[in-house]
Every structure is written in C-alpha cells, then in structure tokens.
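In: got a sequence here, can you model it:
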Amino acid sequence: MRESPDILLGDIQDKTEKKWNATITKCMAYRAREKAKELVDGSFREQYTRLYDYAHELLRSNPKSTVQISTTEFTPTEEDLQTPGRPLCLYFQRMYVCYKACKESFLTCRPIIGLDGCFLKGYYGGQILAAIGRDPNDQMLPIAFAVVEGETKVSWTWFLKLLINDIGGSDRCHTYTFISDQHKVMFSFHKFKLINYFT
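Out: Residues are numbered from 1 along each chain as shown. Model prediction:
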C-alpha cells in the first residue's frame with residue numbers, strides 16, 4: 001500500500017496467487033486492501049479523536065493563531081438506546097484555522113480576498129472553505145481555511161464571521177473586496193452582521 005496506494009483488486013488477487021498459491025475473491029481482496037490502508041494511514045475514526053490535541057499543538061507552536069472546532073451532539077437511534085453502556089460522544093462538524101503569520105501578512109497585501117470551496121475525497125467527505133489573498137510578489141497567500149460538513153449558507157456564514165473577526169472586524173472589512181465564484185453574494189458589515197446569499 002505504501003508503494004502503490006491505488007492498487008487494483010485484480011492485482012491483489014494475482015499477487016496472492018503467485019506468492020501464496022491461494023485464490024481469493026474480489027470481496028476478500030477489497031477487505032484486505034481496506035485493512036492494509038488502515039494499517040498504513042491509521043484509522044480515520046482515531047484521527048478524529050485527536051483533533052483537539054492537534055488544535056492545542058497548533059496554538060502552542062503558533063501563538064495568537066485562531067483555531068476553532070465545532071461539534072454536534074450525538075442523536076441516539078432506537079438501537080443505541082437499547083445498549084445502555086455505549087458511549088454517547090460528540091460528532092465533529094467543522095474546524096477553522098487562521099495562522100497569526102497569515103493574518104499579519106495579509107495586512108501588507110492587496111485588499112482583495114478570494115473565497116472558494118472544494119470537495120474532500122476522503123472516507124467521511126466534507127469540504128474545505130478557503131480565503132486567499134495576493135502578496136506584494138503576486139503570490140497566493142492563504143489567509144484562513146475551514147473543514148466543514150458541506151458548502152451551505154450556514155457553514156459559509158460561520159467561516160466568514162470568524163474570518164472577518166481575524167482580519168480586523170467589520171470596520172476594516174469595508175475596505176476589502178471579496179471575490180467568489182458564487183453569483184449571488186451580498187455582504188453587510190454594519191454592527192458585525194454578515195448577510196450572504198449563496199445559492
């Protein structure tokens with residue numbers, strides 16, 4: 001898996017037959033590939049349990065940065081209620097990161113912020129929302145990013161409120177130009193209010 005993470009199921013079947021002289025089904029090859037991925041990359045579920053450790057490490061190594069994690073409450077099903085000993089944990093919803101160095105660097109950049117989102121192709125999916133600026137050398141400068149459950153009005157509002165707070169508040173944001181690939185966007189920065197209409 002380390003050498004070729006995109007190995008095909010047919011290749012796994014062939015290697016198994018050549019190396020151990022055993023025939024396996026595609027279903028067995030699929031399960032073996034998923035188990036090998038988990039051993040190489042680690043369990044996704046276990047990595048989510050380390051998010052707060054990651055956030056604290058970011059803040060320790062980058063003081064005055066902004067890291068915000070949002071969770072949702074666990075809603076038990078009928079089956080969960082039948083198992084009284086089962087732990088009822090919070091679920092990851094969103095995470096926002098804005099490094100102090102990026103905040104300060106943006107103050108010397110052009111007052112233009114590009115906003116965009118892209119899909120995550122991992123096991124749990126979701127999207128990354130990003131705010132990008134241009135530095136004096138005409139290079140892209142990441143200002144902030146967030147991992148969210150989807151590109152919705154609620155997640156964009158949450159991201160933009162945190163971003164506006166990080167780059168100087170609503171008074172300073174009057175001087176910035178926001179560029180997005182969405183065709184219906186309106187911002188109002190009066191009294192720290194943000195209104196956006198994403199379709």
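
In: from the chain's centroid, how far away is the lengthiest helix in the chain?
Out: Assignment by DSSP state H gives helix 26-41 as the longest helix of the chain. Relative to its chain's centre, helix 26-41 lies at 25 Å (Cα atoms, centre = their mean, to the nearest Å).

In: again with stretch 145-153
Out: 7 Å.

In: show me which residues of it are buried.
Out: 145-149, 151 (16 or more other Cβ atoms under 10 Å). C-beta: built from backbone N, CA, C; applies to glycine.

In: most widely separated two among those?
Out: The span of these, defined through Cβ to Cβ, is set by 145 and 149 at 14.8 Å.

In: on that earlier part again, wait, which of the buried residues of stretch 145-153 is closest to residue 99?
Out: residue 145 (9.7 Å).

In: the closest one sits in which helix or strand?
Out: strand 140-148 (DSSP states H and E).

In: about what we covered before: quick check: buried residues in the longest helix of the chain?
Out: 29, 32-33, 37.

In: tell me the mean pLDDT for whichever helix or strand comes after that helix?
Out: Helices and strands here follow DSSP H and E; after helix 26-41, the next one along the chain is helix 44-49. In this model, helix 44-49 has a mean pLDDT of 76.

In: need the contact partners of helix 44-49.
Out: 92, 122-124 (Cβ atoms under 8 Å, 6 or more residues apart in numbering).

In: buried subset of those, written for ChimeraX?
Out: To isolate the buried members of the contacts of helix 44-49 in ChimeraX, using 16+ other Cβ under 10 Å:
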select :92
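
In: possible to save the contacts of helix 44-49 as JSON lines with secondary structure?
Out: Output for the contacts of helix 44-49, formatted as JSON lines (DSSP: H, G, I helix; E, B strand; the rest coil):
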{"residue": "92", "secondary structure": "strand"}
{"residue": "122", "secondary structure": "coil"}
{"residue": "123", "secondary structure": "coil"}
{"residue": "124", "secondary structure": "coil"}
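
In: which of the contacts of helix 44-49 lies closest to residue 101?
Out: residue 92 (25.9 Å).

In: what's near enough to touch that closest one?
Out: 48, 51, 69, 71.
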